[in-house]
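In: next comes the sequence, and after it the predicted model I'd like to discuss.
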Amino acid sequence: MHKSCLRKICFPLFSCIIMMSLLVYLPMTCFGEEETCPMGVDVSPYQVNIDGGGVEHSVRVLTYTWYSNTAGAFVYINENEDAIESEYIQLTRDSVGHLVVKISLEAFQNAGLEADASHLLKIVALLKVPTDDCIEKEGTGDIYIVGKNGKVSN
């Protein structure tokens, strides 16, 4: 009777414990990995007059990643598959050493964006040296394009 009790109670209990430990470990190893890592971004100015002129006008995007560890950066508007051309992008750093991506106003004018609407900017920074198993970091921010003569339609 003692062997029968072990077979009916202990073996299923032991099997359940092993299965539960494997199920807890499985999502952490297989499904939790991402290709990119998140990065905080601040778009300045948030509101941009698309009708403004001049080559000196640009939108600054402060990223919270280090300029010295950045190999390059790409900018996408509204989940578009094609990045903004590199001639419209300048990579600099702030006083702390964070990467700042400057985007020329011409890039927004050439993109044919709808005026008086909010648009999504996605910044992807390629890293020189992978950190935390990341080869690139990605962040998004909103930009509001203002219509003709800087007036927002109601």
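Out: Right, received. Where do you want to start? Numbers count the residues shown, from 1 in each chain.
In: and the gap between Val48 and Ser58?
Out: Separation of Val48 from Ser58 (Cβ to Cβ, to the nearest Å): 9 Å. (Glycine included, C-beta is placed from N, CA and C.)
In: can you check Tyr67 too?
Out: Per Cβ to Cβ, Tyr67 is found 17 Å from Ser58.
In: so for the two, which residue has more residues nearby?
Out: Set Tyr67 next to Ser58 and count neighbours by other Cβ atoms under 10 Å: Ser58 wins out with 20 against 17.
In: how about Tyr46, phi and psi?
Out: phi -70, psi -40 (degrees, to the nearest 10).
In: what sits against it?
Out: In this structure, Tyr46 makes contact with Asp142, Ile143, Tyr144, judged by Cβ atoms under 8 Å, 6 or more residues apart in numbering.
In: show me which of the residues you listed is closest to Asp82.
Out: Nearest to Asp82, judged by Cβ to Cβ, of the contacts of Tyr46 is Ile143 at 17.4 Å.
In: which element is that closest one on?
Out: strand 134-146 (DSSP states H and E).
In: quick check: the closest residue to Tyr76 other than its chain neighbours vs Glu106, distance?
Out: Among residues not flanking Tyr76 along the chain, Lys122 sits closest, at 4.3 Å (Cβ to Cβ, 6 or more residues apart in numbering). Distance of Lys122 to Glu106, computed by Cβ to Cβ: 19 Å.
In: on that earlier part again, may I have the strand or helix carrying the residue nearest to Tyr76 as CSV, with CA atoms only?
Out: According to DSSP H and E, Lys122 maps onto strand 117-131. The C-alpha trace of strand 117-131 is given here as CSV (Å, rounded to 0.1, in the frame of the first residue of the first chain):
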residue,chain,number,x,y,z
ALA,A,117,-2.5,67.6,-37.4
SER,A,118,-0.3,65.7,-35.0
HIS,A,119,2.3,63.3,-36.5
LEU,A,120,4.5,60.6,-35.0
LEU,A,121,8.3,60.9,-35.2
LYS,A,122,10.3,57.7,-34.6
ILE,A,123,14.0,57.9,-34.0
VAL,A,124,16.2,54.8,-34.3
ALA,A,125,19.8,55.2,-33.0
LEU,A,126,22.3,52.5,-34.0
LEU,A,127,24.9,51.9,-31.3
LYS,A,128,28.6,51.5,-31.8
VAL,A,129,28.9,49.1,-28.8
PRO,A,130,25.8,47.0,-27.9
THR,A,131,24.5,47.8,-24.4
